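Chemist: have a look at this fold, sequence not included:
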Ligand SMILES: O=C(O)c1ccccc1NCC(=O)[C@H](O)[C@H](O)COP(=O)(O)O
């Protein structure tokens, strides 16, 4: 089965189970004591191409990514060496993450940058969960959400003081994201069927986005040269996981991606 479809059908079951175990009312009570959201949009909008560095233990396309994986120490290194935001996988089954992993990182005193809850969101319940653990932003994949519900989902994130990074694979999805109220649009360079990466495809999609929308190049960026290409195409930010997670020298790899603003205020 197409991998995204498999993940999404698992999410339908997972969300139902969670809702029966922890009612939304309880999640909302927890939100009252969550720390104040940080400005994810502002972090990505700074001069230079901003790095969102990803914490993920494994992925369906690449399997386990590091033998010495330690989510919190990676997040601390990312923040220290130049990431302007951190994406943390909340999915347990396919990516080896969890809401508790996001919570530890989002509330750690050494991580002062915005933290994104990277989940396959299909229901507003998950958006409340994200805020309850202290997340500043959530990922929403356009094709994972019923078209009629996308505006309501984005609004829910905004009402909770978070931002939504709305992910697209086509120009039509990018237009739909903007119409639904997205302020931050991500273009995924990876075809989730073949897992092939094509940065050029994102160029065409980015062109349909209006001024003022923050654009993020996602997936398959391998080195500083790719970051430079994404910057030349006009992207405000990039989401990088594997290339950093597989690096022997993580701080050096983070600095390589953060080249456009290293030596200035990050
Ligand atoms: O990466 C996968 O195998 C994958 C499979 C199915 C759905 C999503 C998948 N990846 C999620 C991502 O979008 C990446 O974690 C993210 O963009 C970072 O990409 P990378 O730098 O290539 O690790």
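Modeler: That came through fine. Since the structure is predicted, the reported quantities are computational estimates derived from the model, not experimental observations. Numbers count the residues shown, from 1 in each chain.

Chemist: is any residue of the longest helix belonging to the chain near the ligand?
Modeler: For the chain, the helix that runs over the most residues, judged by DSSP state H, is helix 3-21. Yes. Against the ligand, helix 3-21 shows contacts by C-beta under 6 Å from any ligand atom at 3, 4. C-beta coordinates here come from the backbone N, C-alpha and C atoms, glycine included.

Chemist: repeat that for stretch 185-195.
Modeler: Yes. Contact of stretch 185-195 with the ligand (C-beta under 6 Å from any ligand atom) involves 188, 192.

Chemist: about what we covered before: elements contacting the longest helix of the chain?
Modeler: helix 124-132 (3 or more C-beta pairs under 8 Å, 6 or more residues apart in numbering; DSSP states H and E).

Chemist: which residues make contact with the helix it packs on from outside it?
Modeler: 15, 18-19, 24, 27-28, 30-31, 34, 37, 90, 99, 102, 117, 119, 121, 138, 152-153, 156-157, 160-162 (C-beta atoms under 8 Å, 6 or more residues apart in numbering).

Chemist: give the next helix or strand downstream of it.
Modeler: Next along the chain after helix 124-132, taking DSSP states H and E as the criterion, comes strand 137-141.

Chemist: got the contact list for that following strand?
Modeler: Contacts of strand 137-141 (C-beta under 8 Å, 6+ apart): 4, 40, 85, 87, 114-121, 126-127, 130, 150, 153-154, 157, 162-167, 184, 186.

Chemist: parallel or antiparallel, which strands does it pair with?
Modeler: When pairing is defined by DSSP bridges, strand 137-141 lines up against strand 115-118 (parallel), strand 163-168 (parallel).

Chemist: ok and the residue in the stretch 151-266 of the chain nearest the ligand?
Modeler: Distances between the stretch 151-266 of the chain and the ligand by C-beta to the nearest ligand atom are smallest at residue 241, namely 2.8 Å.

Chemist: can you tell me, leaving aside adjacent residues, what's nearest to that residue?
Modeler: Once flanking residues are discounted, residue 241 sits nearest to residue 54: 3.5 Å by C-beta to C-beta, 6 or more residues apart in numbering.

Chemist: count of neighbours near the one you found?
Modeler: Neighbours of residue 54 under the rule other C-beta atoms under 10 Å: 29.

Chemist: okay, now the unreliable bits of this protein?
Modeler: Applying pLDDT under 70 to the chain picks out residues 1, 264-266.

Chemist: let's see that with 90 instead.
Modeler: Applying pLDDT under 90 to the chain flags residues 1-3, 61, 190-204, 262-266.

Chemist: around the ligand, pick out the residues from it.
Modeler: 3-4, 54, 56, 59-61, 188, 192, 218-221, 239-243.

Chemist: partners of residue 52 in the sheet?
Modeler: On the basis of DSSP bridges, residue 52 is bridged to residue 85, residue 239.

Chemist: who are the contact partners of it?
Modeler: By C-beta under 8 Å, 6+ apart, the residues touching residue 52 are 44, 83, 84, 85, 86, 87, 116, 216, 237, 238, 239, 240.
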